[in-house]
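*Asks:* Sequence first, then the predicted structure:
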Amino acid sequence: MIIGTVKEIKNLEFRVGLTPGSVKEYVSHGHEVYVEKGAGINSGFPDQEYVDAGATILKTADEVWKKVEMLIKVKEPLEPEFKFLREGLILYTYLHLAANEDLTYALLKAKTQSIAYETIEEDGTLPCLKPMSEVAGRLSAIQGAKFLEKPFGGSGILISGVPGVERAKATIVGAGVVGENALKMLVGMGADVTILDINLRKLTYLDDIYSNTIQTLYSSKENLELAIKRADLVIGAVLLPGAKAPKLIKRAYYKDMKPGSVIVDVAIDQGGSTEVSKPTYHDNPIYEVDGIIHYTVANMPGAVPMTSTKALTNATLPYGLMIADLGLDMALNRSRALKLGINVYNGEITCPGVAEAFNLPYLKL
Ligand SMILES: NC(=O)C1=CN([C@@H]2O[C@H](COP(=O)(O)OP(=O)(O)OC[C@H]3O[C@@H](n4cnc5c(N)ncnc54)[C@H](O)[C@@H]3O)[C@@H](O)[C@H]2O)C=CC1
Ligand SMILES: CC(=O)C(=O)O
Ligand SMILES: [Mg+2]
């Protein structure tokens, strides 16, 4: 198969869809690989390394999009890229369609075969979301602690406290991959952490590991409200795969929170878990509503591409190879995981959460 990758055009997105190492794998399976000039440089991969791995460098994104049968990206196509979407093209990337009506319609209209990393599901886990959730979860603790500082508008509490002075209270909503990784960092930083989920198995697991150093709570309305109101730092980390994020963090709670408390809404890529969440970028990541600082960067891992690109491509390579080796239809027949990953097939929506978000028909593959 002819495959390729382009430079990400999202503001301050520094990851890339293929590393020289992954190029080598595709080439060794007999595939042809094209890479846009400079695509990997921000992740630490100069063009020459791609050439050494067997890729051909093309000067423009335009040439790559037109040349390939499968385009491997990181972020969803943005409006200037819509013109490249075409019938039969396989697009393999993060899509987050339930939060993006324009892109959904563009993919449907173009009949682009669209596989979303975030809905590929294997044994109840999301293997191509997991590495970026690990990064974002860890970063959420670091960013949250930073924006609690007074110069950023935060309340001015040090996450760990110091001997004789209380530490910050952190509440994590959702104990999945993001939640667990935020927890690991926040415990390490010395915060007083509460973590909520509706999955009691996950809470039991965390209780076994962390014992009395953390508080686990079932995510009922009552527990959520109490834990959010008393928190200096809230991390939004809930996911209903493929669907819009539930708005669990109510604006009505803000008046009872300390001014300058921080909400890091990691679930922003699925629409966000507060009623006032809107996506921000790394160069202006926060805004304030009712005295509460909101951090809502939708591509958090893009800030640490030296880590994120390798972690992402480790996870996407096996499924990408399956598609390239077998062709899309055979790969979908062989792999239930990939079948759950396909969101748009022959101009129809094949992910129930996306169909529901826009009240559009759903095709079960
Ligand atoms: N902003 C960014 O840059 C990034 C955002 N993300 C996003 O972070 C979100 C979380 O991802 P993961 O942790 O990988 O998902 P996950 O599926 O591992 O975890 C989600 C958790 O939410 C729990 N949950 C569901 N309903 C709940 C409720 N009512 N109350 C409490 N918990 C509830 C689930 O039981 C599950 O444990 C996703 O939207 C993902 O796309 C991930 C990576 C980067
Ligand atoms: C998961 C996602 O949206 C990201 O890594 O940017
Ligand atoms: Mg995102």
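*Replies:* Structure's in. What do you need? Numbers count the residues shown, from 1 in each chain. Ligands and ions are numbered 1, 2, ... in the order given.
*Asks:* Tell me, how many residues neighbour the residue in the chain that ligand 3 sits nearest to?
*Replies:* Taking Cβ to the ion, ligand 3 has its nearest neighbour within the chain at Asp269, 3.3 Å off. To be clear about C-beta, it is placed using only N, CA and C from the backbone, and glycine gets the same treatment. Neighbourhood size, Asp269 [other Cβ atoms under 10 Å]: 27.
*Asks:* ok, it - contacts?
*Replies:* 94, 96, 99, 118, 279, 298-299 (Cβ atoms under 8 Å, 6 or more residues apart in numbering).
*Asks:* Now narrow these to whatever sits close to ligand 1.
*Replies:* 118, 298-299 (Cβ under 6 Å from any ligand atom).
*Asks:* Reformat the residues you listed as a markdown table; add pLDDT, secondary structure and distance to Phe84.
*Replies:* Below are the ones next to ligand 1 among the contacts of Asp269 laid out as a markdown table (pLDDT from 0 to 100; DSSP: H, G, I helix; E, B strand; the rest coil; distance: Cβ to Cβ, whole Å):
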| residue | pLDDT | secondary structure | distance to Phe84 |
| --- | --- | --- | --- |
| Glu118 | 96 | helix | 21 |
| Ala298 | 95 | coil | 21 |
| Asn299 | 95 | coil | 20 |
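*Asks:* Now do whichever residue of the stretch 101-250 of the chain sits closest to ligand 2, the pLDDT please.
*Replies:* Residue nearest to ligand 2 within the stretch 101-250 of the chain (Cβ to the nearest ligand atom): Met132, separated by 3.4 Å. pLDDT, Met132: 98.
*Asks:* Quick check, it in contact with Ser308.
*Replies:* Yes - contact criterion Cβ atoms under 8 Å: Met132 and Ser308 qualify, at 6.5 Å.
*Asks:* Identify the contacts common to these two.
*Replies:* Common neighbours of Met132 and Ser308 are listed as Pro301 (criterion: Cβ under 8 Å, 6+ apart).
*Asks:* Quickly list what Ile235 is bridged to.
*Replies:* Note on Ile235: beta-bridge partners by DSSP bridges are Ile172, Val264.
*Asks:* residue contacts, it?
*Replies:* The contact partners of Ile235, taken as Cβ under 8 Å, 6+ apart, are 137, 140-141, 144, 170-174, 178-179, 182, 263-264, 266.
*Asks:* one more time with 6 Å, if that's ok
*Replies:* Contacts for Ile235 (Cβ atoms under 6 Å, 6 or more residues apart in numbering) come out as 140, 172, 182, 264.
*Asks:* From Ala237, how far off is Asn181?
*Replies:* From Asn181 across to Ala237, the span is 9 Å (Cβ to Cβ, to the nearest Å).
*Asks:* Those two: who's more crowded?
*Replies:* Taking other Cβ under 10 Å, Asn181 and Ala237 do not tie; Ala237 has more neighbours (30 against 24).
*Asks:* can I assume that one is in contact with Gly174?
*Replies:* Yes - under the contact definition of Cβ atoms under 6 Å, Ala237 touches Gly174, with a separation of 3.6 Å.
*Asks:* Assign a three-state SS to the residue lying closest to Cys351 once chain neighbours are set aside, would you?
*Replies:* Distance criterion Cβ to Cβ, 6 or more residues apart in numbering; nearest residue to Cys351, sequence neighbours excluded, is Asn343 at 4.2 Å. Here Asn343 is strand, with the state taken from DSSP: H, G, I helix; E, B strand; the rest coil.
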